[in-house]
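1. can you look at this prediction? I've put the sequence above it.
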Amino acid sequence: MLEVKDVGYWYTHQDDSLFEHVNLSFEAGQSYAIVGQSGAGKTTFLSLLAGLDKPKAGQILYDDRNISEIGLTNYRKNDVSIVFQSYNLFTYMSAIDNLLTAMAITGSKHTGDKKYAIDMLHKLGLAHVQMQKNVQKLSGGQQQRVAIARTMACDANLVVADEPTGNLDEDNTIEVVDLFQKIAHEQGKCVIIVTHEAAVAQMCDHTYKLEKHVFSESV
Ligand SMILES: Nc1ncnc2c1ncn2[C@@H]1O[C@H](COP(=O)(O)OP(=O)(O)OP(=O)(O)O)[C@@H](O)[C@H]1O
Ligand SMILES: [Mg+2]
């Protein structure tokens, strides 16, 4: 689904590359953890996969098409769904309206289907009263579940998440990673998670480690 070909990235000088000649592939129906030390360039790499920034060298192919050719705006709108550590919900809305709005913005085939949004939130363990409250009145774990429900409600086949469990306790962390596994295995999406936590990486199907400017698959 996603092919990273000879990708390199630096912020100021090429001699200060975060990574160079990266060749990796990501398949549909599988989950991937990206690990590595703080400052190694994990978030930067994820932002390239998500089409938020362009590689300085090499290319990223989505279903065999260079994402620059698809157009980063189109790619982000149609193909990718992003989950951040800080949820990134529309804070002035309820959970239900967050899903409905995201579905409308991305032109999901379920646009306007409130029952679909409610079902999705139910599946993620949100009670009816919780879905109707302003999301700021929900706990961290509940807000992250809304962010994940939003990802599941949209049609994008690639899900990228940067430290999605960074603000959660152990129980909520396991639940959230379980949900990501379901998104990969039951919805057939490709899920890529940046994480510091070994427990999170262990639950994913594959782990790519960024160390000394190079990615390697660790088993
Ligand atoms: N916009 C920017 N301009 C210049 N340098 C940047 C910018 N963003 C990040 N960097 C630098 O690039 C390096 C990699 O940052 P990045 O955020 O990708 O690391 P990370 O692996 O995600 O770290 P962490 O685990 O702490 O989140 C860091 O040294 C950082 O200071
Ligand atoms: Mg980071």
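-> Structure's in. What do you need? Small disclaimer: the values here were computed from a predicted structure and weren't measured. Numbers count the residues shown, from 1 in each chain. Ligands and ions are numbered 1, 2, ... in the order given.
2. contacts, neighbours, all on C-alpha from now
-> Will do.
3. got a pLDDT number for Ala104?
-> In this model, Ala104 is scored at 90, pLDDT.
4. host element of the closest residue to it other than its chain neighbours?
-> In space, and not counting its chain neighbours, Ala104 is closest to Thr111: 5.1 Å by Cα to Cα, 6 or more residues apart in numbering. If you go by DSSP states H and E, Thr111 is not part of any helix or strand.
5. what sits against Thr111?
-> 100, 103-104 (Cα atoms under 8 Å, 6 or more residues apart in numbering).
6. what parts of this protein come near ligand 1?
-> Applying Cα under 6 Å from any ligand atom, we find that the chain lies next to ligand 1 at 11, 37-44.
7. the residues you listed: which two are farthest apart?
-> Farthest apart among those by Cα to Cα are Tyr11 and Gln37. That separation is 17.9 Å.
8. looking at these two, which has the bigger crowd around it?
-> Gln37 (13 against 10; other Cα atoms under 10 Å).
9. my guess is that one contacts Glu211. True?
-> Yes - contact criterion Cα atoms under 8 Å: Gln37 and Glu211 qualify, at 7.3 Å.
10. before we move on, the earlier item: so among the residues of the chain next to ligand 1, which ones count as buried?
-> 40-44 (16 or more other Cα atoms under 10 Å).
11. so which residue is dead centre in this protein?
-> Val160 (1.9 Å; Cα atoms, centre = their mean).
12. can I take it that it is in a strand?
-> Yes - checked against DSSP: H, G, I helix; E, B strand; the rest coil, Val160 lies within a strand.
13. could you list which of the residues of the chain next to ligand 1 belong to strands?
-> Secondary structure defined by DSSP state E assigns none of these to strands.
14. out of these, who's nearest Pro164?
-> Of those, the one sitting nearest to Pro164 (Cα to Cα) turns out to be Thr43, at 12.0 Å.
15. the closest residue to that closest one other than its chain neighbours: what's it in contact with?
-> Computed as Cα to Cα, 6+ apart, the closest residue to Thr43 that is not its neighbour in sequence is Asp162, at 6.7 Å. The neighbours of Asp162, taking Cα under 8 Å, 6+ apart as the test, are 43, 46, 83-85, 193-195.
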